[in-house]
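1. The following comprises the amino acid sequence and a computationally predicted model.
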Amino acid sequence: MDNMRRLTLSTLVIFALATPLAGCGMVGAARDGGSDATPTTQSTPGAQPWQAPDGGVMVTCSDGSPFPADTVASGGIQVDPKESEAIVAALANLKKMGGIDAPMPLQQADVEEVNRAVLWLDDATGEKALGLLIAPSNSTGFSLETDWYIVLGRQDAQLRATSWQSTCGARPALTEGSTWAEIALSPDTPTSESTTLNLRISEADCTGARDPTPFLATEPVVVETEDEVTVYWTSQQLQGGADCPGNPWVERTLQLDQALGDRTLLDGSTWLPTPVTLKPASD
């Protein structure tokens, strides 16, 4: 995410002028560092914003609407020939206007040869009309981790690229007003044979380095399976813009239903969830 490259048409104007969720959902009880942790409790399956009614996972890229994660594996949403032609025209315009800043697959091949997958569609005539992945012409599939992500908007009844970046930056979908917090393991956490985890938590979005304590959810969602423990921790979204000097980390203690053991501890703030790493307090 830190290395993600994101560009917009306004940026170029300036330059020109110069594993689906497995198991059942758990709400894990947590406390500030140093406090006693309490047991996890059962929550209603499918109750979380990222859990689709069919059991799948809803995700979002860093810009755009939520969509089912399995949309990628299916090759994207099917669009009618007229819309497909409009998408190709928009990509051709992006290739021309973007130049060396255009997505790499557009620079390396004819637009018609670039593979594309529509992830979401907005039927409204708003600024954001659809989001898609593009992949090199010789690719055999699509990836949220490695393929370029482009948002097209409607301008004067035509599609035009409003933003593009080198990866989707996928995260599980949240309701408006919420954002994700990242998770790390504290060096003083007990052994894997303990049901207690000492964690370090930091807000994922730019917050101007505010103290996250008043904004973090009191309890995370914890999904425990035979092989993995996935922790989903959220925070209140900051209204308006903010600088990114580096967000602080705070200590939290989490109690599992069973000892972690040989299971993998995962941070659910990304899609797919990523292994939790050790983060010393001095970092």
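-> Noted; the coordinates are in hand.
2. contacts and neighbour counts: CA atoms only from here.
-> OK.
3. D188 and L199 touch, don't they?
-> No. Between D188 and L199 there is no contact under CA atoms under 8 Å: 9.1 Å.
4. who's more crowded, those two?
-> The neighbour count for D188 versus L199, taken as other CA atoms under 10 Å, is higher for L199 (24 against 12).
5. Contacts only, for that one.
-> I183, A184, L185, S186, T189, E251, R252, T253, L254 (CA atoms under 8 Å, 6 or more residues apart in numbering).
6. F142 against L132, yeah?
-> No. Here F142 lies out of contact with L132, judged by CA under 8 Å, at a distance of 10.4 Å.
7. residues shared between the contacts of the two?
-> Shared contacts of F142 and L132, defined by CA under 8 Å, 6+ apart, are found at A117.
8. Mind jotting down where the helices sit in the stretch 1-150 of the chain?
-> If you assign secondary structure with DSSP state H, counting those that start in this stretch, the helices in the stretch 1-150 of the chain sit at 9-17, 81-98, 104-108.
9. Which among these is found nearest to G153?
-> In terms of CA to CA, the element of the helices of the stretch 1-150 of the chain nearest to G153 is helix 81-98, at 9.4 Å.
10. quick one: average confidence on the closest one?
-> Predicted confidence along helix 81-98 averages 96 (mean pLDDT).
11. ok, which stretches of the stretch 51-200 of the chain are strands?
-> Residue ranges of the strands in the stretch 51-200 of the chain, as given by DSSP state E, counting those that start in this stretch, are 58-60, 67-68, 115-121, 130-135, 148-155, 158-165, 171-172, 178-185, 196-203.
12. Of those strands, give the one that comes closest to S84.
-> Relative to S84, the nearest member of the strands of the stretch 51-200 of the chain by CA to CA is strand 115-121, separated by 9.8 Å.
13. State the distance from the closest residue to C206 other than its chain neighbours to A181.
-> Spatially, and ignoring its direct neighbours in sequence, C206 is nearest to C244 (4.9 Å; CA to CA, 6 or more residues apart in numbering). Using CA to CA, to the nearest Å, one obtains 15 Å as the distance from C244 to A181.
14. for A86, same thing?
-> According to CA to CA, A86 and A181 sit 38 Å apart.
15. Between the two, which is the more surrounded one?
-> Taking neighbours as other CA under 10 Å, A86 and A181 compare with A181 leading, 24 against 14.
16. Tally up the residues packed near the closest residue to the more buried one other than its chain neighbours, please.
-> Leaving out its chain neighbours, the residue that sits closest to A181 by CA to CA, 6+ apart is E203, at 4.1 Å. Neighbour count for E203, taken as other CA under 10 Å: 28.
17. Might you report the residue contacts of E203?
-> For E203, the contacting residues are T179, W180, A181, E182, P212, S235, N247, P248, W249, by CA under 8 Å, 6+ apart.
18. which residues sit in contact with the closest residue to the second one other than its chain neighbours?
-> By that I understand W180. Nearest-residue entry for W180: T234, 4.5 Å, with adjacent residues in sequence omitted and distances by CA to CA, 6+ apart. If a contact means CA under 8 Å, 6+ apart, then T234 has S178, T179, W180, A181, L216, A217, P220 as its contacts.
19. Figure out the helix or strand that T234 lives in.
-> Applying DSSP states H and E as the criterion places T234 in strand 228-236.
20. What angle do strand 196-203 and that strand make with each other?
-> Strand 228-236 runs at 40 degrees relative to strand 196-203, counting by axes from the mean of the first three to the mean of the last three CA atoms, to 10 degrees.
21. Please save the CA atoms from strand 228-236 in PDB.
-> Coordinates of the C-alpha atoms in strand 228-236 are reproduced here as PDB (Å, rounded to 0.1, in the frame of the first residue of the first chain):
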ATOM      1  CA  GLU A 228      -6.000 -19.500  11.000                       C
ATOM      2  CA  VAL A 229      -7.000 -16.700  13.300                       C
ATOM      3  CA  THR A 230      -8.100 -13.500  11.400                       C
ATOM      4  CA  VAL A 231      -8.500 -10.300  13.300                       C
ATOM      5  CA  TYR A 232     -10.600  -7.400  11.800                       C
ATOM      6  CA  TRP A 233     -10.200  -4.100  13.700                       C
ATOM      7  CA  THR A 234     -11.800  -0.900  12.600                       C
ATOM      8  CA  SER A 235     -11.700   2.800  13.500                       C
ATOM      9  CA  GLN A 236     -13.800   5.900  13.000                       C
END
